[in-house]
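In: here are the coordinates; sequence isn't available:
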């Protein structure tokens, strides 16, 4: 390794350790740091004695690693806020469900009592042997709408069609066709019956 190039460490020393080694060097310049301890136990004893002789400030222990909670301290407020929000949402939602169930129970409790009173009376009055007769009412034809009212109705429908804003070209085309039919009915002398 060259003296002037960048130094690579497997265990990087702290700034305070580097400052001590710089201040203890006689030239005032950077002092080459001691080599990292080898992985074998037999060589570890020999290395610690050589490192102790070259520099008194290096202890041979790896730097203190921060705990998981401290390394990710910016995550905790976010995590707590999200959990609080979810908890509040679930709390409010369960309260709404309880209210809806209570209202449904009240409606269900009041509805059968009135329904049973009206349905039980006719059943108790009828005898079981008599058949129930359902008489269908014939459909009565409605009176024809006068032509003047039809004319006014077509005008009103045309005004409402003009207020509609089409969203696509197909819808606009369909709307224009409907308006043309309505205008034809309004202009004609005889209005078809509805």
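Out: That came through, no problem. Since this is a predicted model, take the numbers as computed values, not measurements.
In: Tell me which helix or strand comes right after the lowest-mean-pLDDT helix or strand in the chain.
Out: When each helix and strand of the chain is scored by mean pLDDT, DSSP states H and E, helix 41-54 comes last, with a mean of 50. Helices and strands here follow DSSP states H and E; after helix 41-54, the next one along the chain is helix 68-71.
In: Counting neighbours, which bits of stretch 174-189 end up buried?
Out: Buried residues in stretch 174-189, counting neighbours by 16 or more other CB atoms under 10 Å, are found at 182, 185. (Glycine included, C-beta is placed from N, CA and C.)
In: can you list the residues that contact it?
Out: With CB atoms under 8 Å, 6 or more residues apart in numbering as the contact definition, stretch 174-189 has outside contacts at 151, 154-155, 157-158, 161-162, 164, 166, 191-192.
In: Quick one: buried ones out of those residues?
Out: Among those, those buried by neighbour count (16+ other CB under 10 Å) are 154, 158, 191.
In: Could you say which helix or strand holds the second one?
Out: To tie it back to what came earlier, the one meant is residue 158. Here residue 158, judged by DSSP H and E, is contained in helix 147-163.
In: what helices or strands is that helix leaning on?
Out: With contacts defined as 3 or more CB pairs under 8 Å, 6 or more residues apart in numbering; DSSP states H and E, helix 147-163 has these neighbours: helix 169-187.
In: Tell me the one among the buried ones among the contacts of stretch 174-189 nearest to residue 78.
Out: Minimum distance to residue 78 across the buried ones among the contacts of stretch 174-189 is 59.1 Å, recorded for residue 158 (CB to CB).
In: which one is that closest one nearest to, not counting chain neighbours?
Out: For residue 158, the nearest residue in space outside its immediate sequence neighbours is residue 182; the separation is 4.5 Å by CB to CB, 6 or more residues apart in numbering.
In: Relative to residue 95, how far out is the one you found?
Out: Distance check for residue 182 against residue 95: by CB to CB, to the nearest Å, it reads 53 Å.
In: re earlier: just put the contacts of stretch 174-189 in CSV and tack on pLDDT and distance to residue 66.
Out: As requested, the contacts of stretch 174-189 are exported to CSV (pLDDT from 0 to 100; distance: CB to CB, whole Å):
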residue, pLDDT, distance to residue 66
151, 87, 87
154, 90, 82
155, 91, 81
157, 93, 76
158, 93, 77
161, 92, 72
162, 92, 72
164, 91, 66
166, 90, 64
191, 72, 89
192, 65, 88
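In: Could you export those residues as TSV, including distance to residue 144?
Out: Compiled in TSV, those are given as follows (distance: CB to CB, whole Å):
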residue	distance to residue 144
151	14
154	16
155	19
157	19
158	22
161	25
162	28
164	29
166	34
191	11
192	12
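In: Closest one to residue 20 out of those residues, please.
Out: Of all the contacts of stretch 174-189, the one with the least separation from residue 20 (CB to CB) is residue 166, at 81.7 Å.
In: show me what contacts that closest one?
Out: Contacts of residue 166 were listed using CB under 8 Å, 6+ apart, and they are 172, 175.
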